[in-house]
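Asks: Kindly generate the corresponding structure for this input.
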Amino acid sequence: MSLSPDTSVLITGTSGALGWVLARRLSAACRVTGTYFSHECVPEGVAPMRMDLTDAASVAAALDTARPQVIVHAAAMTDPDACERDPAAATAVNVAGCARLVEHARRLGSKVVYISTDLVFDGVRGDYAEDDKARPLSVYGRSKLDAEGVVLRERRTGRPAVIRSSLIYGWGSPASGTFFSAVHAALRAGGRMRLFTDQLRNPILEADIAAAVILVIERDLEGLYHAGGPESVSRLEFGKAVCDVFGFDERLLEPIAMQDFEYEAARPLDSTLNISRLAHAAGFAPRGLMEGLAHLRSSEPD
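Replies: Residues are numbered from 1 along each chain as shown. Sure, this is the predicted structure:
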């Protein structure tokens with residue numbers, strides 16, 4: 001699909017890191033509507049629209065106003081512990097809300113690109129390919145997997161696609177930070193950070209996951225794709241890389257194991273994603289961690 005000033009794209013969740021960066025990039029090429037719920041946080045040049053995923057009338061009104069050719073669904077209830085405490089709310093937002101979007105996408109003939117997560121896996125072995133069995137450990141992971149099914153079962157219009165993302169890092173949006181921005185802020189202030197030695201993911205720069213979404217749209221790809229960075233690292237290794245690039249004191253990092261930290265929702269130990277399918281289908285080539293962090297340092301906010 002060629003993106004042009006006549007192309008209409010609706011992005012849900014522009015207050016989040018991915019939604020914010022993606023909206024900024026796409027608004028330079030086409031007409032973009034950005035939806036929000038709690039925080040009216042939409043980049044300049046993007047049409048703002050409040051939408052409640054749990055309200056059928058709100059979803060219908062937003063899509064009827066925007067009439068998008070493409071819907072990028074990045075909004076979700078994303079805190080695994082909050083989802084564990086309130087499974088009904090997680091299902092209402094993440095599953096039923098997605099189903100409402102898909103229903104109206106079918107009516108309008110819109111392509112849906114759904115943003116999912118590596119937390120659909122149990123983390124037993126890592127390097128998960130798209131055809132590997134998903135076994136979520138948490139309510140959040142299950143809700144995202146169920147929503148994937150809603151999207152991928154819709155074959156009547158729009159060549160739907162699902163992108164599972166690993167840990168997204170970057171400066172985030174004015175309303176929502178990332179793991180990186182939290183680490184950076186703490187270390188810059190001289191605070192200590194407790195970081196896991198035994199949880200592995202392949203973190204991806206927010207600009208690179210946005211690029212993956214654009215590739216899927218432009219090439220009109222259909223089906224399931226994984227998007228992560230090229231390296232498998234622990235949270236502690238990530239923190240050490242931040243110290244190296246930004247000149248922070250590595251002695252501020254405190255190594256801990258996942259079993260030493262109490263979560264309400266279980267997390268996988270190794271949920272790293274194999275990204276070769278998207279690389280072969282669209283030339284997806286994300287930056288390595290050190291290159292990505294160097295990019296962030298060059299764009300460090302005041």
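Asks: so where do the helices sit in this protein?
Replies: Along the chain, the segments classed as helices by DSSP state H run 17-26, 56-66, 80-85, 87-90, 97-108, 139-152, 179-188, 206-218, 235-246, 276-282, 289-298.
Asks: as a whole number, average confidence for the fourth one?
Replies: Which is helix 87-90. Here helix 87-90 scores 98 as its mean pLDDT.
Asks: Name the residues of it that are buried.
Replies: Neighbour-count burial for helix 87-90, counted by 16 or more other CB atoms under 10 Å, picks out residue 90. Yep, even glycine has a C-beta here, placed from its N, CA and C like the rest.
Asks: Please state the offset of that helix from the chain centre?
Replies: In terms of CA atoms, centre = their mean, to the nearest Å, the centre of helix 87-90 is found 19 Å from the chain centre.
Asks: again, but for the fifth one
Replies: Distance of helix 97-108 from the chain centroid (CA atoms, centre = their mean) equals 20 Å.
Asks: Okay, buried residues for that helix please.
Replies: Quick answer for helix 97-108 (16+ other CB under 10 Å): 97, 98, 99, 100, 101, 102, 104, 105, 106, 108.
Asks: In contact with the last one, which residues?
Replies: Just to be clear, that refers to residue 108. Counting by CB atoms under 8 Å, 6 or more residues apart in numbering, residue 108 touches 63, 67, 68.
Asks: pLDDT at it, what is it?
Replies: 93.
Asks: Tell me how far it lies from residue 159.
Replies: From residue 108 across to residue 159, the span is 14 Å (CB to CB, to the nearest Å).
Asks: Equivalent analysis for residue 10, please.
Replies: Noted for residue 10: a distance of 16 Å to residue 159, by CB to CB.
Asks: between these two, which one's more packed in?
Replies: residue 10 (30 against 15; other CB atoms under 10 Å).
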